[in-house]
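J.: no FASTA, just this:
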């Protein structure tokens, strides 16, 4: 992957990270419904893991470009 391709990939990663962050559900405020709270937590953890993986790739590519 050349530098231009890495920069394009970083732009794609930034867009995907922003999209996933906007999809993160807010923490459940209603503690009486444990099923919904559990589903909310699971969704937040799944999206958080995806965001972390994309951020790690972005960081690696920026390091390779000397922009880290």
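T.: All right, it came through fine. As the structure is a prediction and not an experimental result, all values here were calculated from the model. Residues are numbered from 1 along each chain as shown.

J.: which secondary structure elements does the strand or helix carrying residue 12 sit against?
T.: Taking DSSP states H and E as the criterion, the element that holds residue 12 is helix 3-23. For helix 3-23, the packing partners by 3 or more C-beta pairs under 8 Å, 6 or more residues apart in numbering; DSSP states H and E come out as helix 34-64. The way it works is simple: take the backbone N, C-alpha and C, and place the C-beta from them, glycine included.

J.: any idea of the angle the helix it packs on forms with helix 3-23?
T.: Following axes from the mean of the first three to the mean of the last three C-alpha atoms, to 10 degrees, one obtains 160 degrees for the angle between helix 34-64 and helix 3-23.

J.: tell me, how many residues neighbour the closest residue to residue 64 other than its chain neighbours?
T.: Excluding its sequence neighbours, the residue lying closest to residue 64 (C-beta to C-beta, 6 or more residues apart in numbering) is residue 6, at 6.3 Å. Residue 6 has 17 neighbouring residues, counting by other C-beta atoms under 10 Å.

J.: just to check, residue 6 is in contact with residue 66?
T.: No: the pair residue 6 / residue 66 is not scored as a contact, 10.7 Å apart, by C-beta atoms under 8 Å.

J.: pull up the overlap in contacts between those two.
T.: Residues touching both residue 6 and residue 66 (C-beta atoms under 8 Å, 6 or more residues apart in numbering): none.

J.: how about the most centrally placed residue in the chain, nearest residue that isn't a chain neighbour?
T.: By C-alpha atoms, centre = their mean, the chain has its centre lying nearest to residue 51, at 1.6 Å. Using C-beta to C-beta, 6+ apart and skipping the chain neighbours, the partner closest in space to residue 51 is residue 20 (5.1 Å).

J.: list the contacts for that neighbour?
T.: Residue 20 makes contact with 47, 50, 51, 54, according to C-beta under 8 Å, 6+ apart.

J.: ok, now how distant is residue 68 from residue 33?
T.: For residue 68, the distance to residue 33 (C-beta to C-beta, to the nearest Å) stands at 43 Å.

J.: alright, calling it a day.
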